[in-house]
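Engineer: Got a predicted structure plus its sequence, pasted below:
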Amino acid sequence: MNFQLLNWYLPLIFAAGYTILLLSLLARFSQRNQQTRWYLGFLAASIVWSVALFALPQGQSPPNLTLHLLGASATLLGTTTAVYVGWLNERRWLYLGVVAVVVAVGLETVAPNSVLVLGDGVRYRGTLGGLLGFATWFCFNSGLLLWTWRDYQETRLPWHANRLLHWAVFAFATVAGELLTFSTVSWIVAAGYLLRFVGVLGLARAITSHRLFDVRAHLRKIVAFTLIVVASAVPASIVLTLTLWLTDQLDLPLSQVYLASLVVISGGFLLYQPFRRFVERVVYRYLLGQEFQTSQVVRSYSQAISRTLEIEQLAQVIIGEIGDLLQTTHGALMLVSEVRDGYQVEAIPSGNHHGHSQIVFAGDSLFIEALNSERRPLLQYDVDFNPFYQDLDESEREWLSIQNMELFVPIHNGSELAGLIALGPKLSGLAYRPNELELVQVLAEQTVIALQNARLYSELNEQNDRIRFLNSDLRRQNERLEILDRIKSDFITIASHELRTPLTQVKGYADILTAMNEEATLSQKDTREIVSHITRASSRLEGLLTAMLDASQLEVSGMELTFMRTRLEVVIQLAIEPLSPAIRQRGLNLEMHGLGDLPPIQADFKRLVQAFHNLIGNAIKYTPDYGLVSIFANRAPSAEDEEDYIEVVIADTGIGIDPQYHELIFEKFFRIGNPELHSTGATKFKGAGPGLGLHIAKGVIEAHGGRIWVESEGEDEERLPGSRFHVIVPFTPPGYEEGPSLDSPQAKRLFNLLSEDPA
């Protein structure tokens, strides 16, 4: 064969092949994605390169023109690879390649006859531009092969890894074919053209179709077939060779040699098939994987899951059985429930897959639609690369990717999708074989009844838990209602006592005033003293009635607040001022911390003074003489809102509050203790009131958009655990409207009102 003549026409032949491939891709893909466009550019460069090899033989063409065209082809192939694999900044391949090719062509133009000295008198006869062109081709191709191989090694999902391996294999074939064309041997150059064309066809297959053949499986089959043929033939060859050697050594007649050979061949023929089957079983088991006895596997699986009723345990059994069978890394049972907005999918993990997670797929989700219609296992690879799923919602795609599963097997209950068996990759890193996919689908069909039973059992347990919770809540509510009912009964006793005491004082002093006036013994001093007692009792009665009106206002329509710029330090001082005589009389210590460091807030000045007066008064009443009442204030950061809060803590060393009453003490008319032992006293130790102070304080704080709660270990008059009332108010209340400041006339009028009605 005249290889020189053949090599003359081969570039033109393969240029025609590249052209046909280019035209077929243009006709097939009217809407081309980015990787297809770059690959078409690579094909166009390949056509130009092949035509240049045919039309411009070396020596007649511009220096190294075909080499520079090959560098441009490598640049486009590198850019295509970057887009296909998903590397960041894929255009940098294009920019670097264009710069390198332009510089190389520029060197050819400026110094076409340059000679590179390598040292010791050795000269490189190529030009500098040619050397740079070869370096561009070599570096780009080496880079894309190494980086693609690196990504293949790091990818854990088998079909994703196979996609990269397929690209790496055919990219290597393309580059190896180009390298062979640099040879001076004609048949090697011809082999290079052919190998490059095969590589380009393989790359075209990867670009145009997401479904690629399993490279590793095919390689294993080739190796297995080779091993079977060799292992089966070696014993027969050895026996035949040994027979011929023995007959030669024994110097037997030719007829006996033929007879012995015939006997050996007949025996080998009879033993060959059993031996070959034995070799096939061994090779298939350790190289291609074991075959399954489907009926035995299904029977064992059904027995295992039929004894399980809890969902979590069922997930463990299902994934454990299939994992042991197929040697998977992890898996999860996914429950599918139809909801108003679509389908809720909840992953119940097992093995190395931890943490519950759920998502609601849209009613027209492509993922759910495929599982419902096709009723066969779905690969994560198809979700990522099949054009059918390109419009899948991004949140659904992201959730599926986070699960790190290789396979989703549907579990159908009649016409409905009841669940999924999700499996991760196999420990071997190989893809699931067709017989394994069929087996898993059969096992999924056996799971339907067990899954229905487990879900019914789970729903029954949830209903029982809900009933137990409702019963417990009902008991708590009954206890609360009993206490509130007792409060209503006690209110009559407490209210009558609270009202009778000041009325008795008013009536008694009025009678004294009348008697002394009739006896003409009433002096101006006596009048002032009697009137002061009547005024004090009237004020007490007025305060009680005002508190009742405030409490009723909270119940009906809420308080009407007037906000103004207020300093909390002033509020606390005015709240304490009416209590100062009692503090001194009982020898209590009062400490304040952090009030001066707080910025102003917007608040209803009078109501806030009223709330803190009630809280501080409560601390004084339940703290023994010579005890300690502390007020702490600081700025509390907000976790949700942009604006911070102010936190005030009123702590005492009093008798404390039983935890069961921590919420009830803020109820209207609630009092701890026996109402029969009721004694009126605004500030004396354990002096009782009508049970409205904390209720009003809570209403005022909440009307400002704040919160109030109490902390106490319990009630103990000997150990004195004390109580801590926490108050949180925002700097700007909700629904705030600009009001007056502390310096306004309205604020001064409020100060005057406070002196009349501090509560």
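Structural biologist: Arrived safely. Numbers count the residues shown, from 1 in each chain.

Engineer: okay, CA-based contacts and neighbour counts for the rest of this
Structural biologist: OK.

Engineer: Now do the helices in the stretch 1-150 of the chain.
Structural biologist: Applying DSSP state H, counting those that start in this stretch to the stretch 1-150 of the chain gives helices spanning 3-28, 34-55, 65-85, 91-110, 128-154.

Engineer: got the angle for the second one vs helix 65-85?
Structural biologist: When axes from the mean of the first three to the mean of the last three C-alpha atoms, to 10 degrees is applied, the directions of helix 34-55 and helix 65-85 differ by 160 degrees.

Engineer: With the longest one instead?
Structural biologist: Between helix 128-154 and helix 65-85, the angle formed by their directions is 20 degrees, by the same axes, to 10 degrees.

Engineer: Can you check what angle separates helix 128-154 from helix 91-110?
Structural biologist: For helix 128-154 against helix 91-110, the angle by the same axes, to 10 degrees is 160 degrees.

Engineer: now helix 128-154, how far from the chain's geometric center?
Structural biologist: Centroid separation for helix 128-154 versus its chain: 38 Å, with C-alpha atoms, centre = their mean, to the nearest Å.

Engineer: Buried residues of that helix, list them for me.
Structural biologist: Of all the residues in helix 128-154, those buried under the rule 16 or more other C-alpha atoms under 10 Å are 128-134, 136-137, 139-141, 144-145, 147-149, 151-152.

Engineer: now swap in the first one and tell me
Structural biologist: Using 16+ other C-alpha under 10 Å as the test for burial, helix 3-28 gives 7-15, 18-19, 21-22, 25.

Engineer: so where's the stretch 251-400 of the chain uncertain?
Structural biologist: By pLDDT under 70, the weakly predicted segments of the stretch 251-400 of the chain are 251-258, 260-261, 264-265, 267-272, 284-293, 351-356.

Engineer: run the last query once more with 90
Structural biologist: Low-confidence segments of the stretch 251-400 of the chain (pLDDT under 90): 251-360, 362-376, 381, 383-400.

Engineer: mind listing the strands in it by residue range?
Structural biologist: 330-339, 342-351, 357-362, 378-379 (DSSP state E, counting those that start in this stretch).

Engineer: partners of the last one in the sheet?
Structural biologist: According to DSSP bridges, strand 378-379 has the following sheet partners: strand 407-413 (antiparallel).

Engineer: neighbouring contacts of the helix or strand following the strand it pairs with?
Structural biologist: Counting by DSSP states H and E, the element after strand 407-413 in chain order, helix or strand, is strand 416-423. Surrounding strand 416-423, the residues in contact under the criterion C-alpha atoms under 8 Å, 6 or more residues apart in numbering are 319, 328, 330-337, 345, 371-372, 405-412, 444, 448.

Engineer: Neighbours of residue 457, how many?
Structural biologist: 15 (other C-alpha atoms under 10 Å).

Engineer: residues contacting it?
Structural biologist: By C-alpha under 8 Å, 6+ apart, residue 457 lies in contact with 309, 310.

Engineer: ok, now with 10 Å
Structural biologist: Contact analysis of residue 457 by C-alpha atoms under 10 Å, 6 or more residues apart in numbering lists 309, 310, 311, 451, 463.

Engineer: Next: residue 623.
Structural biologist: Neighbours of residue 623 in contact, by C-alpha under 10 Å, 6+ apart: 586, 588, 629, 652-656, 683-686, 717, 720, 722-723.

Engineer: any idea how far it is from residue 721?
Structural biologist: Counting by C-alpha to C-alpha, to the nearest Å, the separation of residue 623 from residue 721 is 10 Å.

Engineer: Mutual contacts of the two, please.
Structural biologist: Common contacts of residue 623 and residue 721 (C-alpha under 10 Å, 6+ apart): 652, 653, 654, 655, 656.

Engineer: Now stretch 524-532 - C-alpha only, CSV.
Structural biologist: Output of stretch 524-532 as CSV, limited to C-alpha atoms (Å, rounded to 0.1, in the frame of the first residue of the first chain):
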residue,chain,number,x,y,z
GLN,A,524,-58.7,73.8,114.5
LYS,A,525,-55.9,71.3,115.2
ASP,A,526,-58.4,68.4,115.8
THR,A,527,-60.2,69.4,112.6
ARG,A,528,-57.0,69.2,110.5
GLU,A,529,-56.1,65.8,112.0
ILE,A,530,-59.5,64.3,111.5
VAL,A,531,-59.8,65.7,107.9
SER,A,532,-56.3,64.3,107.0
